[in-house]
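**Q** Requesting a structural model of the entry that follows:
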Amino acid sequence: MKLLPPLLAAASLAVAAAAHAQVKWDLPAAYPATNFHSVNLQQFADDVERATGGKLKITVHPNASLFKAPEIKRAVQGGQAQIGEILLVNFQNEWPIFGADGIPFLATSYDDAMKLWRVQKPMLDKKLAEQGMMVLYAVPWPPQGIYVKKPISSAADLKGVKWRAYSPATARIAELVGAQPVTVQAAELSQAMATGVVESYMSSGATGFDTKTYEHIKYWYDTQAWLPKNAVIVNRRAFDALDKPTQDALLKAAADAEVRGLEASKKANTESLDKLRANGMTIVSPPPAQLTADMKKVGETMLKEWLDKAGPEGQQLVDAFRK
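**A** You can find the predicted model right below:
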């Protein structure tokens with residue numbers, strides 16, 4: 001009988017060790033599993049599992065299957081999910097700097113997008129730290145153009161059109177061109193087009209192909225208006241609970257995912273436009289001069305409005321970006 005307590009102690013230690021052997025994290029994301037962002041997320045999760053010898057297992061939940069796009073940030077902050085992917089511009093109303101990469105015609109190329117990210121990231125690090133989170137990496141979407149049912153030559157041709165708004169910036173564009181904004185997230189977009197709720201929207205070629213936009217809308221104008229970014233954020237307490245080698249492996253996998261994601265975005269841009277053409281969509285590149293001029297005016301108005309809200313912090317960001 002004397003052996004029983006040590007045996008029990010050993011058994012309880014074994015159970016405790018097993019419980020700590022694998023940490024499981026949930027990663028909610030808003031886009032289809034086949035989207036290049038989601039594919040990159042899965043590769044990131046696989047890299048982490050491999051590098052940690054299975055110590056940290058991240059399960060990716062694509063297509064808003066765990067949380068809807070606008071809910072993901074709060075879920076990570078509250079610890080309902082340990083890690084998540086968000087579209088930064090979705091949170092501009094909370095803090096203007098989140099929406100810096102949604103200002104039309106501020107950053108209009110991949111090089112610009114990454115330059116803006118280098119300026120934006122230290123500010124985000126500070127803000128997210130205050131909220132109990134940290135950012136691991138970010139990947140830009142391809143340049144944004146206008147999907148519309150009919151040929152257009154100027155912004156005036158968008159007056160009264162039912163326009164998908166998925167962020168404060170896209171809703172404001174609708175107001176400035178006289179379109180009718182309708183809030184629709186990515187997961188509901190196909191249905192919204194099929195039922196006539198949406199007739200036009202601004203997004204990348206990748207989103208157009210993912211949602212089979214070509215079945216409902218036949219024109220895409222390559223305005224290269226902005227390149228919004230998806231960022232992967234993590235709950236700070238969950239991160240701090242990991243041992244140092246696991247933290248290092250996570251950060252290394254994140255750095256690799258940022259580099260890989262940028263290349264995947266560039267590839268997705270070219271391939272998705274080719275696929276849209278193959279499915280009968282007319283790609284108008286470059287857009288008519290009047291449309292370009294009108295949209296640049298929209299961009300100037302929105303930059304001024306954004307700076308009014310963002311104050312000195314926003315001015316500092318724009319100045320640093322334009323250096």
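
**Q** tell me the mean pLDDT over the strand or helix carrying Ser190?
**A** Using DSSP states H and E, Ser190 sits in helix 189-194. Mean pLDDT, helix 189-194: 94.

**Q** buried residues in that helix?
**A** Residues of helix 189-194 classed as buried: 189-190, 192-193 (neighbour count, 16 or more other Cβ atoms under 10 Å). (C-beta placed from N, C-alpha, C; glycine too.)

**Q** go on, stretch 30-41?
**A** Buried, per 16+ other Cβ under 10 Å, within stretch 30-41: 30-32, 35-41.

**Q** do stretch 252-261 as well
**A** 253-254, 256-258, 260-261.

**Q** Convert stretch 237-246 to PDB, retaining C-alpha atoms only.
**A** Taking Å, rounded to 0.1, in the frame of the first residue of the first chain, the C-alpha atoms of stretch 237-246 are listed here in PDB:
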ATOM      1  CA  ARG A 237      -2.000  36.200 -22.800                       C
ATOM      2  CA  ALA A 238      -2.200  33.200 -25.000                       C
ATOM      3  CA  PHE A 239       1.200  34.100 -26.600                       C
ATOM      4  CA  ASP A 240       2.800  34.800 -23.200                       C
ATOM      5  CA  ALA A 241       1.700  31.300 -22.000                       C
ATOM      6  CA  LEU A 242       3.800  29.600 -24.600                       C
ATOM      7  CA  ASP A 243       7.400  28.600 -23.900                       C
ATOM      8  CA  LYS A 244      10.200  30.600 -25.500                       C
ATOM      9  CA  PRO A 245      11.000  28.100 -28.300                       C
ATOM     10  CA  THR A 246       7.300  27.900 -29.300                       C
END
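
**Q** Identify the residues contacting the closest residue in space to His216 that isn't next to it in sequence.
**A** Spatially, and ignoring its direct neighbours in sequence, His216 is nearest to Met193 (4.0 Å; Cβ to Cβ, 6 or more residues apart in numbering). Each residue near Met193 by Cβ atoms under 8 Å, 6 or more residues apart in numbering is listed here: 199, 211, 213, 215-217.

**Q** Out of the residues you listed, flag the one nearest to Asp101.
**A** Within the contacts of Met193, the smallest distance to Asp101 is 21.3 Å, found for Thr211 (Cβ to Cβ).
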